[in-house]
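Student: From the sequence below, what's the structure:
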Amino acid sequence: MHSTKLKIEQTISTYSALLSIDTDHFVESNCLFYGKSQFQHMLNIERKRTERSQKPFLLLLLDISSLMAKERHKNILEDIKSVLSASLREIDISGWFDHNKTIGIICPTMVVVNANSVEGIVRKIYDRFCENLDPELVNKIKVSFHIYPETNGDVSIKGPFNITLYPDLTKRSLGKELSMTVKILVDIMGSAIALILFFPLFLIIAVSIKATSAGPVFFKQERVGLNCKTFSLLKFRSMYKDADNKKHRDYVSKYICEKENAAVEPGVFKLKNDSRITTVGRFLRKTSLDELPQFINVFKGDMSLVGPRPPIPYECDLYDIWHKRRLLSCKPGITGLWQVTGRSRTTFDEMVRIDLKYINQWNLWLDFKILLKTPKAVLNGNGAY
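Tutor: Residues are numbered from 1 along each chain as shown. Predicted coordinates:
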């Protein structure tokens with residue numbers, strides 16, 4: 001009997017280690033309470049599930065740091081877990097959002113998330129706490145909530161991401177931090193060298209633009225960057241002054257929303273045979289020379305040499321929930337993986353998948369390979385921005 005009990009304990013210990021779940025938190029009150037890494041992994045799974053089902057989920061956070069800071073209150077943790085076990089549904093997920101500081105609760109596959117539904121859930125938990133815990137201690141628990149998708153059914157992107165919902169994507173190891181520091185240094189030095197080398201070409205292009213059409217040399221356009229923060233992307237002006245963007249908006253809408261449309265060339269974000277383009281502008285676009293001022297954006301820190309394509313805000317308004325992940329944890333770039341893989345003439349969904357692949361597999365060597373392949377991609381005319 002003793003031998004069997006020992007084997008069971010050893011088995012639980014082994015599986016707990018594999019799942020990164022603290023052994024003493026493996027099964028309590030007939031429910032799972034996940035460790036920090038596993039809880040964040042479950043949060044990632046629920047995000048992906050919501051992207052497919054379109055059913056939002058609720059993330060509740062219970063800040064108990066003021067309780068855990070005092071040794072005499074540490075026993076309260078078991079009581080809190082017991083209350084949560086009795087208050088939550090079987091499909092709800094609880095665990096450490098931030099170990100020994102914040103408890104996270106994921107309420108998945110909710111039909112609707114609004115003020116009333118959230119208040120009902122919080123009230124139920126609060127009442128159970130008051131019934132089972134010292135009211136003085138209950139008042140020290142700070143409750144906050146977050147809804148995914150952030151727009152609660154509206155896929156438009158109006159502001160920065162709620163980083164709280166993406167802890168697994170935004171955390172970085174020491175090695176990743178060092179690599180990102182190197183990437184930033186490469187961006188600064190690379191863009192500075194490019195601006196110096198191309199300065200004579202800048203002057204020639206500027207004179208050509210001014211001599212053939214009225215208007216400024218540079219074209220400024222609002223783009224969406226890292227974490228949905230907007231910035232002014234610079235290009236050499238290739239269109240006539242005050243050109244209307246309605247045609248392009250309609251074109252992009254067909255490309256993103258209508259998966260197979262004969263009027264849209266896969267992977268191309270610029271209209272062909274566009275009457276708004278000047279003679280010089282047509283040459284600049286064909287050779288991608290109109291993109292050279294983006295080295296200024298890289299030097300300023302708005303962009304990187306390599307990264308996903310920076311979208312226009314009205315493109316983001318058409319994004320599905322999962323599309324917007326390409327805007328998280330990575331600056332947009334002058335060039336990217338989808339332009340150099342020979343698959344730049346592809347559907348919008350496939351382009352996003354390639355961007356996500358780049359973000360998930362990113363390393364310095366991958367950036368270096370993309371930079372080496374970019375000149376060939378430019379000569380082939382792939383990947384118009």
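Student: Might you report the residue contacts of residue 111?
Tutor: By Cβ atoms under 8 Å, 6 or more residues apart in numbering, the contact set of residue 111 is residue 55. Glycine gets a C-beta too; all of them are placed from N, C-alpha and C.
Student: While we're on it, how confident is the model there?
Tutor: At residue 111, the model reports a pLDDT of 77.
Student: Same question for residue 312.
Tutor: Reading off the model, residue 312 has pLDDT 90.
Student: what's the spacing between it and residue 89?
Tutor: 41 Å (Cβ to Cβ, to the nearest Å).
Student: Between those two, point out the one with more neighbours.
Tutor: Counted by other Cβ atoms under 10 Å, residue 312 and residue 89 do not tie: residue 312 has more neighbours, with 19 against 10.
Student: my read: the more buried one touches residue 225, true?
Tutor: No: if you go by Cβ atoms under 8 Å, residue 312 and residue 225 don't touch, sitting 11.6 Å apart.
Student: which residues are in contact with both of these two?
Tutor: In contact with both residue 312 and residue 225: no residue, using Cβ under 8 Å, 6+ apart.
Student: any idea which helix or strand carries residue 205?
Tutor: Counting by DSSP states H and E, the element that carries residue 205 is helix 199-212.
Student: helices or strands next to that helix in the packing?
Tutor: strand 230-236, helix 279-287 (3 or more Cβ pairs under 8 Å, 6 or more residues apart in numbering; DSSP states H and E).
Student: Let me see the mean pLDDT of the next helix-or-strand element following that helix.
Tutor: Note on helix 199-212: by DSSP H and E, the next helix or strand toward the C-terminus is strand 218-224. The average pLDDT within strand 218-224 is 94.
Student: swap in stretch 68-80?
Tutor: 73.
Student: those helices in the stretch 251-385 of the chain, which residues are they?
Tutor: 279-287, 294-300, 313-316, 337-340, 348-361, 364-380 (DSSP state H, counting those that start in this stretch).
Student: which of these sits most buried?
Tutor: helix 337-340 (a mean of 25; mean count of other Cβ atoms under 10 Å).
Student: Enumerate every residue touching the most centrally placed residue in the chain.
Tutor: Geometric centre of the chain, nearest residue: residue 328, 2.3 Å, by Cα atoms, centre = their mean. By Cβ under 8 Å, 6+ apart, residue 328 lies in contact with 161, 166, 169-170, 226-227, 359.
Student: Mind doing that once more with 10 Å?
Tutor: Residues near residue 328 by Cβ atoms under 10 Å, 6 or more residues apart in numbering: 160-161, 163, 166, 169-170, 226-228, 308, 356, 359.
Student: Can you give me the buried ones in the helix holding residue 205?
Tutor: 202, 205, 208-209 (16 or more other Cβ atoms under 10 Å).
Student: tilt between that helix and strand 230-236?
Tutor: Helix 199-212 runs at 80 degrees relative to strand 230-236, counting by axes from the mean of the first three to the mean of the last three Cα atoms, to 10 degrees.
Student: For helix 199-212, output the C-alpha coordinates as PDB.
Tutor: Output in PDB follows, covering the C-alpha atoms of helix 199-212 (Å, rounded to 0.1, in the frame of the first residue of the first chain):
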ATOM      1  CA  PHE A 199      22.400  61.000 -50.300                       C
ATOM      2  CA  PRO A 200      23.500  61.900 -53.900                       C
ATOM      3  CA  LEU A 201      20.600  59.800 -55.200                       C
ATOM      4  CA  PHE A 202      18.200  61.500 -52.800                       C
ATOM      5  CA  LEU A 203      19.200  64.900 -54.400                       C
ATOM      6  CA  ILE A 204      18.700  63.600 -58.000                       C
ATOM      7  CA  ILE A 205      15.300  62.100 -57.200                       C
ATOM      8  CA  ALA A 206      14.200  65.300 -55.300                       C
ATOM      9  CA  VAL A 207      15.200  67.500 -58.300                       C
ATOM     10  CA  SER A 208      13.400  65.200 -60.700                       C
ATOM     11  CA  ILE A 209      10.200  65.200 -58.700                       C
ATOM     12  CA  LYS A 210      10.200  69.000 -58.300                       C
ATOM     13  CA  ALA A 211      10.900  69.600 -62.000                       C
ATOM     14  CA  THR A 212       8.100  67.400 -63.300                       C
END
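Student: what's it in contact with?
Tutor: 195, 198, 215-219, 236-238, 278-281, 283-284, 289-290, 292-293, 295-296.
Student: gap between residue 60 and residue 206?
Tutor: Following Cβ to Cβ, the distance that separates residue 60 from residue 206 is 56 Å.
Student: ok, now residue 164?
Tutor: For residue 164, the distance to residue 206 - Cβ to Cβ - is 45 Å.
Student: top helix in the protein by residue count?
Tutor: If you go by DSSP state H, the chain has its longest helix at helix 174-197.
Student: Output that one as PDB - backbone C-alpha positions only.
Tutor: Below are the C-alpha coordinates for helix 174-197, written out as PDB (Å, rounded to 0.1, in the frame of the first residue of the first chain):
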ATOM      1  CA  LEU A 174      17.900  37.600 -21.500                       C
ATOM      2  CA  GLY A 175      19.200  36.100 -24.700                       C
ATOM      3  CA  LYS A 176      16.200  37.600 -26.600                       C
ATOM      4  CA  GLU A 177      16.800  41.000 -25.000                       C
ATOM      5  CA  LEU A 178      20.400  41.000 -26.100                       C
ATOM      6  CA  SER A 179      19.500  40.000 -29.700                       C
ATOM      7  CA  MET A 180      16.900  42.800 -29.800                       C
ATOM      8  CA  THR A 181      19.500  45.300 -28.600                       C
ATOM      9  CA  VAL A 182      21.800  44.100 -31.400                       C
ATOM     10  CA  LYS A 183      18.900  44.400 -33.900                       C
ATOM     11  CA  ILE A 184      18.300  48.000 -32.800                       C
ATOM     12  CA  LEU A 185      22.000  48.900 -33.200                       C
ATOM     13  CA  VAL A 186      22.100  47.300 -36.700                       C
ATOM     14  CA  ASP A 187      19.000  49.300 -37.600                       C
ATOM     15  CA  ILE A 188      20.600  52.600 -36.500                       C
ATOM     16  CA  MET A 189      24.000  51.900 -38.100                       C
ATOM     17  CA  GLY A 190      22.500  50.400 -41.200                       C
ATOM     18  CA  SER A 191      20.000  53.200 -41.800                       C
ATOM     19  CA  ALA A 192      22.700  55.800 -41.200                       C
ATOM     20  CA  ILE A 193      25.100  54.300 -43.600                       C
ATOM     21  CA  ALA A 194      22.300  53.900 -46.200                       C
ATOM     22  CA  LEU A 195      21.300  57.600 -45.900                       C
ATOM     23  CA  ILE A 196      24.900  58.700 -46.400                       C
ATOM     24  CA  LEU A 197      25.500  56.400 -49.400                       C
END
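Student: Thanks a lot, see you next time.
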